[in-house]
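[1] Everything below, folded, please.
(one chain, ligands or ions: 1)
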Amino acid sequence: MADLQLTDRVPAEADDGVWLACIECGESFAPFAEIRYTCDHCDGLLEARYAELPTWEDFEDEGRGVWRYHDALPFAEGVTLPEGDTPLHEVPRLKDDIGVANLRIKHEGMNPTGSFKDRGMTVGVRVAQEVGVDRLACASTGNTSAALAAYGARGGMETLVLLPAGKVAAGKIAQASLHGARILEVDGNFDQCLDIVQDLASRGEAYLLNSLNPFRLEGQKTIGLEIMEEFYADNGEYPDRIVLPVGNAGNTAALYKCFRELVKAGAITEDQVPKLTGVQAEGAAPMVEAIREGNDETRRWDDVETIATAIRIGNPVNAPKALPGIRETGGTAVAVSDEEITAAQRALAGEGVGVEPASAASVAGLRKLRREGDVGADESVVCLTTGHLLKDPDAAAKAGVDPEPVPNDTDAVLEHIDEGSSVVETVRRQAAKAADSPLPALIAGGLGAAYLYRKLRSK
Ligand SMILES: N[C@@H](CCOP(=O)(O)O)C(=O)O
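    Coordinates of the predicted model:
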């Protein structure tokens, strides 16, 4: 794993042991004296560096959630709701079905606004207070805007969110709206919204809180700390692999930084670093393309389309941080179809874990990699699910079963239940037979549902 000189030299610019460093040219900058998101010299991405890195003992007796890890963050506390401390679910049926030794689901949808973005915002909004801005802004496919709106409201700051018109799930817009963000709908895609927000930020009109902001990723780094601590506590070892959805590639970058810092601090060894494995939708897969073709940069995809709106992104800004993360940890990247994503969303829901489509991409990707032999049967794996089912109620309703109209009479309801049960059983058996391949399972399920619907309507 690349040694990126995380702590070797404390520059004069460091403020209380924290500074920003360019990942391309190594130039260092004071963290809070001026606002910058990229390097003044080469425009490379910046990351936070620390004079001292903590190890596991430093986190003991520190409560729960993101701020448990304050020794690994630029501040001791932030604008909090509070966030983090999300479940690491066991999913025994899914584990057996996919065929790995151990499978856990880190459900980031259980954060206060229903996605992992809250971890980034609790730190990012604290930094905004430090640098003295009062207008916060982001481009968003939805979750970032919901989190920014909530944390901005909590911090008493003005928030501006730019969304691709007609491309954001209903739950996310409702959140941004009720938390008081000013919602600007752009006739364009997410990447074009981000271009505009970057322009606004460079003109000093707003403080950018997308994952281009290096402090956002510091908060998201705590996903990795929680996974490692909890998985180790339960299993006496660290996971072999972490599989995660990739949109703007912030989590891939943040987890890679988390692991480099843990290695540097002596908390884990290099061979205990989990393999970072990214999953994208087939219709928005520039990272998968770059990994497959061995490129150091991603090609910008102008036309992106997928049911997984949260990862409908064609120009992942964190690619220069995330590509080495996947490569240096021995991971890989894979693209999955919308049908595979929906099948995985149903499978997770069948274990009681409700996620939005982009989240289910991680499980769909693991299934595909296992089927193709790129993941071994002996591996212990954590899949990251990034957002809650209720974020995208329309997708959930489409993936789920339709309500059944019944007469207003107990005996008729009972008759309906008994009759329906035998049909549902037949459908289940058909789907189970085809379970290894989501497409036949979907077709079987669809035919069964259509049969059931016709039968019930004909009564
Ligand atoms: N899926 C994201 C896209 C923006 O990503 P960010 O991590 O750079 O804020 C969203 O929810 O908007």
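[2] List, one by one, the residues from the stretch 201-350 of the chain near the ligand.
    Contact residues (CB under 6 Å from any ligand atom) of the stretch 201-350 of the chain with the ligand: 210-211, 247-248, 250, 310. To be clear about C-beta, it is placed using only N, CA and C from the backbone, and glycine gets the same treatment.
[3] quick one: the spatially most central residue of the chain and residue 105, what's the gap?
    When CA atoms, centre = their mean is applied to the chain, the residue found nearest the centroid is residue 386 (3.7 Å). Spatial separation of residue 386 from residue 105 under the definition CB to CB, to the nearest Å is 11 Å.
[4] what about the strands in the stretch 351-459 of the chain?
    Per DSSP state E, counting those that start in this stretch, the stretch 351-459 of the chain carries strands over the ranges 380-385.
[5] hang on, I meant the stretch 101-250 of the chain
    Assigned by DSSP E, counting those that start in this stretch, the strands in the stretch 101-250 of the chain fall at 102-107, 135-139, 158-164, 182-186, 207-208, 241-245.
[6] Could you list every helix and strand that the helix or strand residue 260 falls within packs against?
    Assigned by DSSP states H and E, residue 260 belongs to helix 250-265. On a contact count with 3 or more CB pairs under 8 Å, 6 or more residues apart in numbering; DSSP states H and E, helix 250-265 meets helix 214-235, strand 241-245, strand 275-281, helix 319-328.
[7] Export only the CA atoms of it, formatted as PDB.
    Listed next in PDB are the C-alpha coordinates belonging to helix 250-265 (Å, rounded to 0.1, in the frame of the first residue of the first chain):
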ATOM      1  CA  GLY A 250     -16.100  10.000  -1.700                       C
ATOM      2  CA  ASN A 251     -16.600   6.900   0.400                       C
ATOM      3  CA  THR A 252     -14.000   4.900  -1.500                       C
ATOM      4  CA  ALA A 253     -11.500   7.800  -1.000                       C
ATOM      5  CA  ALA A 254     -12.500   8.200   2.700                       C
ATOM      6  CA  LEU A 255     -12.100   4.500   3.500                       C
ATOM      7  CA  TYR A 256      -8.800   4.300   1.800                       C
ATOM      8  CA  LYS A 257      -7.600   7.300   3.900                       C
ATOM      9  CA  CYS A 258      -9.000   5.600   7.000                       C
ATOM     10  CA  PHE A 259      -6.900   2.500   6.300                       C
ATOM     11  CA  ARG A 260      -3.700   4.300   5.500                       C
ATOM     12  CA  GLU A 261      -4.000   6.200   8.800                       C
ATOM     13  CA  LEU A 262      -4.700   3.100  10.800                       C
ATOM     14  CA  VAL A 263      -1.600   1.400   9.200                       C
ATOM     15  CA  LYS A 264       0.500   4.500   9.800                       C
ATOM     16  CA  ALA A 265      -0.700   4.600  13.500                       C
END
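[8] angle of it against strand 380-385?
    If you take axes from the mean of the first three to the mean of the last three CA atoms, to 10 degrees, helix 250-265 sits at 140 degrees to strand 380-385.
[9] my read: residue 11 touches residue 27, true?
    No: checked against CB atoms under 8 Å, the pair residue 11 and residue 27 is beyond contact range at 9.2 Å.
[10] Pull up the overlap in contacts between these two.
    Here residue 11 and residue 27 share no contacting residue, scored by CB atoms under 8 Å, 6 or more residues apart in numbering.
[11] Out of the strands of the stretch 101-250 of the chain, which is closest to residue 47?
    strand 207-208 (15.6 Å; CB to CB).
[12] Other residues contacting the closest one?
    With CB under 8 Å, 6+ apart, strand 207-208 has contacts from 35, 37, 128, 131, 133, 135-138, 197-198, 200-201.
[13] Considering these, which possesses the most neighbours?
    Highest neighbour count within the contacts of strand 207-208, by other CB atoms under 10 Å: residue 138, with 33 neighbours.
[14] And the helices in the stretch 251-400 of the chain, which stretches?
    Listed in chain order, the helices of the stretch 251-400 of the chain (DSSP state H, counting those that start in this stretch) span 286-293, 319-328, 338-349, 357-371, 393-399.
[15] Can you get me the centre-to-centre distance for the second one and its chain?
    Right, helix 319-328. 16 Å (CA atoms, centre = their mean, to the nearest Å).
[16] Listing request: residues of the protein with sub-threshold pLDDT.
    1-8, 422-459 (pLDDT under 70).
[17] repeat that with 50
    429-430, 432-440, 442-444, 447-448, 450-459 (pLDDT under 50).
[18] Against the ligand, how distant is the closest residue to residue 80 other than its chain neighbours?
    Nearest non-adjacent residue to residue 80, counting by CB to CB, 6 or more residues apart in numbering: residue 122, 5.2 Å away. Applying CB to the nearest ligand atom, to the nearest Å, the value for residue 122 to the ligand is 14 Å.
[19] ditto for residue 259
    19 Å.
[20] Does that residue touch residue 271 like I think?
    No: the pair residue 259 / residue 271 is not scored as a contact, 11.4 Å apart, by CB under 8 Å.
[21] of those two, who's got more company?
    Neighbour count, other CB under 10 Å: between residue 259 and residue 271, residue 259 has more, with 27 against 9.
[22] OK, contacts around the closest residue to the more buried one other than its chain neighbours?
    Using CB to CB, 6+ apart and skipping residues adjacent in sequence, the residue nearest residue 259 is residue 273, 4.6 Å away. Residue 273 is in contact with 1, 259, 262-263, 329, counting by CB under 8 Å, 6+ apart.
[23] buried subset of those?
    Neighbour-count burial (16 or more other CB atoms under 10 Å) is assigned, among these, to 1, 259, 262-263, 329.
[24] State the pair within those residues that is farthest apart.
    Largest separation among the buried ones among the contacts of residue 273 by CB to CB: 262 and 329, giving 12.1 Å.
[25] Find the closest residue to the ligand in the stretch 351-459 of the chain.
    residue 358 (7.2 Å; CB to the nearest ligand atom).
[26] All good on my end, thank you.
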